[in-house]
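Visitor: with the input below, show me the fold.
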Amino acid sequence: MTTLPAPRTPDPMAAPALNWGVLGTGWIAERFIGSAQRHTRQRFTAVASRDAARAEEFAARHGITRGYGSYEELVAAADVDVVYVATEHTAHLACARLALEAGKHVLVEKPLGLNAAQGAEITELAASRGLFCAEALWTFFLPRFDVVRQVLASGMLGEVKSVLADLGEYFDPAGGHRILRADLAGGPLLDLGTYPLSLATWVLGPAENVQASGQAHPAGVNGQIGAVLDGRAVVHTTLFSDTPSTAVIAGTEGTLQLPGPFHQPGDVVFSPAGGGPPLTYTEPRTGHDGLHFEAAEAARCIRDGLLGTPLRPLTDSVATLRVMDEIRRQCGIVFPGEQPDRPRGRTAT
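Guide: Numbering: from 1, shown residues only. Next up, the predicted model:
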């Protein structure tokens, strides 16, 4: 092979136009809506917040038809086809349940739930209602990752032996960011660690043996975690520092490098084992403007009557949460509503 494969990602503008309702008016909701409005034909007909005035202001600013002061009002709206859950992590389960029980398809911002049990509950409810549900882990919907997907399927890496992935970002302890709040399931694991862990479990499969350790943050949350999965993947995430945030997938016939930030739009570089000229796929580094790819994929799946997306099946989302559960067990991290002594996920051996 003299070039890397081109991404097969369909034109987002060709995705069917659906009516979206958005639960939450925070940072990620703004970026998701903006990206989808710029690059797709998706329509945003409603947004909800616990604060009606905030919802109305947000709706006016983003050209959304209505702002609601309750989530219940939004999911009951007749002109909402699909609900994007963009609330704080601790509300994902309740909001997904609310939307599904109202008969709405859902795209749940990552993580799908706080733990594997919550993820499984959402998965089972969606299936029982015959509704589409997916985790909005935007990385897997990017053209960059379709190139990775094709390289893995082609066998050009040979036998994949290891994955190395890191994602770290500095957060000012005095900044008041929600990632520093224990009551909102703060710490790096759900916001940042999701990315390297989901990459490792996607490439190598669910981990059977997890070894992890972490460090506390002065804000009262976990601040840093390092983990080894089955002796084949090494992952790291931190709130203390800006790290390279790169990823490597290494095999017997070659190595695939994803320059940082690996979870966003960017390049893919293949280096053959033993030397030789590298092959590079280049993609503009557009950051979170790539969020629209997940909206387009959800719209296509709903049109086709699918209950999930093959690009990020809910089984993969739950498998990643099981690994997170075990990492938290070893690091002594308990999220709101959990029991400290409740077993979560697989037990390391």
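Visitor: please enumerate the helices of the stretch 51-200 of the chain.
Guide: Under the criterion DSSP state H, counting those that start in this stretch, helices of the stretch 51-200 of the chain are mapped to 52-62, 71-76, 92-101, 116-129, 143-154, 188, 194-204.
Visitor: which one of those lies nearest to Q42?
Guide: Closest approach to Q42 among the helices of the stretch 51-200 of the chain (Cβ to Cβ): helix 52-62, 12.3 Å. Just so you know, the C-beta spots here come from the backbone N, C-alpha and C atoms, and that holds for glycine as well.
Visitor: which residues does the closest residue to A15 other than its chain neighbours contact?
Guide: Among residues not flanking A15 along the chain, A296 sits closest, at 3.8 Å (Cβ to Cβ, 6 or more residues apart in numbering). For A296, the contact set (Cβ atoms under 8 Å, 6 or more residues apart in numbering) comprises P10, P12, A15, A36, H39, T40, Q42, F141.
Visitor: which among these count as buried?
Guide: Among the contacts of A296, those buried by neighbour count (16 or more other Cβ atoms under 10 Å) are P12, A15, A36, H39, T40, Q42, F141.
Visitor: mind listing what the residue nearest to V83 when sequence neighbours are not counted touches?
Guide: Nearest residue to V83, sequence neighbours excluded (Cβ to Cβ, 6+ apart): A99, at 4.0 Å. A99 sits next to L23, V75, V83, V85, H105, V106 when contact means Cβ under 8 Å, 6+ apart.
Visitor: what about the fourth one, distance to A185?
Guide: Right, V85. 15 Å (Cβ to Cβ, to the nearest Å).
Visitor: returning to what we had before: quick one: which of the helices of the stretch 51-200 of the chain is nearest Y170?
Guide: Ranking the helices of the stretch 51-200 of the chain by their distance to Y170 (criterion: Cβ to Cβ) puts helix 188 first, at 10.9 Å.
Visitor: please state the offset of the closest one from the chain centre?
Guide: How far helix 188 lies from its chain's middle: 13 Å, per Cα atoms, centre = their mean, to the nearest Å.
Visitor: same question, stretch 321-334
Guide: Centroid separation between stretch 321-334 and its chain, computed with Cα atoms, centre = their mean, is 18 Å.
Visitor: again, but for stretch 254-272
Guide: Put simply, stretch 254-272 sits 18 Å off its chain's centre (Cα atoms, centre = their mean).
Visitor: again, but for stretch 288-299
Guide: The answer for stretch 288-299 is 12 Å, by Cα atoms, centre = their mean.
Visitor: how about the CA coordinates for that stretch, as CSV?
Guide: Taking C-alpha atoms only, stretch 288-299 is exported to CSV below (Å, rounded to 0.1, in the frame of the first residue of the first chain):
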residue,chain,number,x,y,z
HIS,A,288,-14.8,20.6,18.4
ASP,A,289,-16.1,21.8,15.0
GLY,A,290,-16.0,18.1,14.2
LEU,A,291,-18.9,17.4,16.6
HIS,A,292,-21.4,17.4,13.7
PHE,A,293,-20.3,14.0,12.5
GLU,A,294,-22.0,12.3,15.4
ALA,A,295,-25.3,14.2,14.7
ALA,A,296,-25.2,13.2,11.1
GLU,A,297,-24.6,9.5,12.0
ALA,A,298,-27.4,9.5,14.5
ALA,A,299,-29.8,11.0,11.9
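Visitor: list the buried residues for that stretch?
Guide: Quick answer for stretch 288-299 (16+ other Cβ under 10 Å): H288, G290, L291, H292, F293, E294, A295, A296, E297, A298, A299.
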